[in-house]
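**Q** A predicted structure for the sequence below; I have some questions about it.
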Amino acid sequence: MTVVAVDDTDSRERGMCTTYAARLVAEELRDRGAAVERVLLVRLNPAVEYKTRGNAALAVHADVDPLVALEVATRVVGDAAETADPRTNPGVVVAPDSEVPPVVADFARRALREHLDRGEAESLAAAHGYETAAWGNGRGVVGALAAVGAWAAFEDWTFERIDYREPDRWGTDRVVDADSVFAAADAEYPVVWDTVDRAAGELVCVPHTPGPILYGVRGDDPDAVARVADAIDSEPVHASELFVTNQGTDAHLADAALADVEDGRAYRVDATVATGPETRRGGHVFLAVADGGERLRCAAFEPTKRFRDRVRALRPGDRVTVCGEVADGTLKLEKFAVRDLDTTERVVPTCPDCGTSMESAGAGQGYRCRDCDTTEPGKVERDLDRDLERGWYEVPPRARRHVAKPLVRGDWDAPVHPER
């Protein structure tokens with residue numbers, strides 16, 4: 001089974017989409033009589049600063065001669081990629097066998113959590129007899145090689161059915177009936193997830209970029225995502241493709257101690273809330289967590305909307321697990337788990353006789369009531385009502401990263417409080 005992979009064909013300003021380039025490759029291979037077994041959509045490290053948008057690489061697994069696959073892919077990418085944008089640097093890698101060696105699978109895993117360079121990718125591809133092609137600075141070879149190794153690297157896979165627009169409509173406003181999307185999403189939830197954001201009234205599956213995608217429906221069952229996509233009333237659909245993908249899997253998160261956290265990577269970290277939440281200009285919410293003498297600032301940015309209220313409900317002393325990408329020394333919260341809540345607070349005692357708040361009797365001398373002459377040696381503990389429960393909390397669908405795992409998926413080590 002030949003694997004032909006492509007990466008970095010789109011542009012933030014000019015549009016296009018690498019999923020569309022992969023669809024064109026798959027379509028031509030089918031037209032030539034090749035059996036396409038699957039098309040992988042692989043999200044890579046979301047913290048890479050030079051990504052275009054979703055940082056996706058694609059791999060077509062097909063029963064075809066590798067040289068034919070290379071010819072088709074280089075021609076399609078050469079025609080479709082937005083290479084006039086200097087940030088767009090496509091790459092193609094063709095492997096003659098989908099049974100990749102462990103070192104290539106490891107490269108794919110690292111591509112979700114590290115920053116890799118073209119030199120390593122080119123050397124690794126050459127060492128295993130893979131064909132490559134590149135445009136611009138060739139950075140896309142990195143993602144393409146990662147896509148080659150992905151099938152062997154990961155076990156948790158989901159599905160996305162993407163419907164594409166007619167080419168003459170690209171760059172115009174999309175015509176999608178919102179009521180039909182909400183109804184279809186309700187019918188298949190939670191097997192199909194992140195189609196809409198109910199609280200915000202938004203269509204999450206419909207992009208706002210000038211590219212070819214009309215909508216993309218994600219879930220755990222390919223038949224269910226197809227039913228949702230087919231039930232949406234919209235402008236004419238030009239083409240459709242079902243992708244097997246690592247979206248919604250948290251494959252980017254590495255378990256780490258606070259002392260080992262670095263910029264440009266994404267983590268799952270256990271810590272204690274060290275400072276109370278602070279809402280700053282723009283509506284962003286910040287707090288710090290600590291462990292073993294180390295501190296890390298965490299942020300819930302304004303686009304996460306109601307998730308910020310969950311963060312604001314935290315207080316110093318709470319034990320948490322925080323998840324997200326780290327940039328400039330700040331972890332951008334994608335989800336967090338409350339492990340243990342601080343349910344008491346230290347307060348100035350009240351007089352048992354008259355019920356008034358006591359006053360300090362002097363440094364180190366405790367508290368006393370001036371009227372009743374009653375005393376207490378220090379502050380006392382009082383039960384604290386908490387507007388938060390133990391368990392996992394997540395950003396709403398409108399703010400979720402492609403690769404981040406929704407709480408409605410899989411097994412979790414604590415109760416979940418999903419957003420929908």
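**A** That came in fine, so what should we check first?
**Q** now stretch 323-337, how far from the centre of its chain.
**A** Distance, stretch centre to chain centre, for stretch 323-337: 11 Å (C-alpha atoms, centre = their mean, to the nearest Å).
**Q** go through it and flag the buried ones.
**A** The neighbour-count check on stretch 323-337 (16 or more other C-beta atoms under 10 Å) flags C323, G324, E325, V326, T330, L331, K332, L333, E334, K335, F336, A337 as buried. C-betas here are computed from N, CA, C, even on glycine.
**Q** and the furthest pair within those residues?
**A** T330 and A337 (19.2 Å; C-beta to C-beta).
**Q** tell me the domain ranges of the chain?
**A** 2-153, 158-245, 253-343+385-417, 344-383 (automatic domain parsing).
**Q** could you work out the end-to-end span of the third one for me?
**A** Read it as domain 253-343+385-417. 20 Å (C-alpha to C-alpha, to the nearest Å).
**Q** pLDDT on it, on average?
**A** If you average the pLDDT over domain 253-343+385-417, you get 95.
**Q** contacts only, for L242.
**A** L242 sits next to V39, F159, E160, R161, P222, V225, A226 when contact means C-beta atoms under 8 Å, 6 or more residues apart in numbering.
**Q** okay if I get the residues you listed as JSON lines plus secondary structure and distance to G149?
**A** Output for those, formatted as JSON lines (DSSP: H, G, I helix; E, B strand; the rest coil; distance: C-beta to C-beta, whole Å):
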{"residue": "V39", "secondary structure": "strand", "distance to G149": "16"}
{"residue": "F159", "secondary structure": "strand", "distance to G149": "20"}
{"residue": "E160", "secondary structure": "strand", "distance to G149": "20"}
{"residue": "R161", "secondary structure": "strand", "distance to G149": "24"}
{"residue": "P222", "secondary structure": "helix", "distance to G149": "23"}
{"residue": "V225", "secondary structure": "helix", "distance to G149": "25"}
{"residue": "A226", "secondary structure": "helix", "distance to G149": "28"}
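**Q** ok, back up a step: out of the domains of the chain, deepest packed?
**A** Ranked by mean neighbour count, the domains of the chain are led by domain 2-153 with a mean of 21 (mean count of other C-beta atoms under 10 Å).
**Q** do me a favour and average the pLDDT over it.
**A** Domain 2-153 comes out at a mean pLDDT of 90.
**Q** repeat for stretch 204-217
**A** For stretch 204-217, mean pLDDT is 94.
**Q** may I have that stretch as CSV, with CA atoms only?
**A** In CSV, the C-alpha atoms belonging to stretch 204-217 read as follows (Å, rounded to 0.1, in the frame of the first residue of the first chain):
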residue,chain,number,x,y,z
VAL,A,204,-18.8,25.5,14.3
CYS,A,205,-18.6,23.2,11.3
VAL,A,206,-18.8,26.1,8.8
PRO,A,207,-15.5,28.0,8.4
HIS,A,208,-15.1,31.7,7.7
THR,A,209,-12.0,31.5,5.6
PRO,A,210,-12.0,32.1,1.8
GLY,A,211,-11.0,28.5,1.0
PRO,A,212,-12.9,25.6,-0.6
ILE,A,213,-14.5,24.0,2.5
LEU,A,214,-18.3,24.4,2.8
TYR,A,215,-18.5,22.5,6.1
GLY,A,216,-16.8,19.7,8.0
VAL,A,217,-18.6,17.3,10.3
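**Q** all strands for the stretch 151-300 of the chain, in order.
**A** Using DSSP state E, counting those that start in this stretch, the strands of the stretch 151-300 of the chain run over 158-165, 192-193, 213-219, 237-245, 253-255, 265-273, 278-279, 285-291, 294-300.
**Q** could the ones you listed be laid out in JSON lines, adding distance to R308?
**A** Shown next, in JSON lines, are those (distance: least, C-beta to C-beta, whole Å):
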{"stretch": "strand 158-165", "distance to R308": "27"}
{"stretch": "strand 192-193", "distance to R308": "22"}
{"stretch": "strand 213-219", "distance to R308": "24"}
{"stretch": "strand 237-245", "distance to R308": "29"}
{"stretch": "strand 253-255", "distance to R308": "21"}
{"stretch": "strand 265-273", "distance to R308": "15"}
{"stretch": "strand 278-279", "distance to R308": "8"}
{"stretch": "strand 285-291", "distance to R308": "5"}
{"stretch": "strand 294-300", "distance to R308": "5"}
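**Q** so which of the contacts of L242 comes closest to W135?
**A** Nearest member of the contacts of L242 to W135, counting by C-beta to C-beta, is V39, at 21.4 Å.
**Q** tell me the contacts of that closest one?
**A** Applying C-beta under 8 Å, 6+ apart, one finds that V39 lies in contact with A22, R23, A26, L58, A59, V60, H61, E241, L242, F243, V244.
**Q** now do G276
**A** L287, L314, R315, P316.
**Q** helix, strand or coil for the third one?
**A** It stands for R315. Secondary structure for R315, judged by DSSP: H, G, I helix; E, B strand; the rest coil, is coil.
**Q** hmm, it is touching T272, no?
**A** No. Between R315 and T272 there is no contact under C-beta atoms under 8 Å: 10.8 Å.
**Q** for the helix or strand where A73 lies, name the packing helices and strands.
**A** Taking DSSP states H and E as the definition, A73 sits inside helix 66-80. Here helix 66-80 touches strand 2-7, helix 18-31, strand 91-95, strand 131-134, going by 3 or more C-beta pairs under 8 Å, 6 or more residues apart in numbering; DSSP states H and E.
**Q** distance to G283 added to those, as CSV?
**A** Shown next, in CSV, are the helices and strands packed on helix 66-80 (distance: least, C-beta to C-beta, whole Å):
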stretch, distance to G283
strand 2-7, 35
helix 18-31, 33
strand 91-95, 39
strand 131-134, 42
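**Q** before we move on, the earlier item: list the ones among the buried residues of stretch 323-337 that fall in helices.
**A** The helices in this structure, assigned by DSSP state H, contain none of the buried residues of stretch 323-337.
**Q** closest to P102 out of the strands of the stretch 151-300 of the chain?
**A** Proximity to P102 (C-beta to C-beta) singles out strand 253-255 among the strands of the stretch 151-300 of the chain, at 18.8 Å.
**Q** the closest one pairs with which strands?
**A** Neighbouring strands of strand 253-255 in its sheet, by DSSP bridges, are strand 265-273 (parallel).
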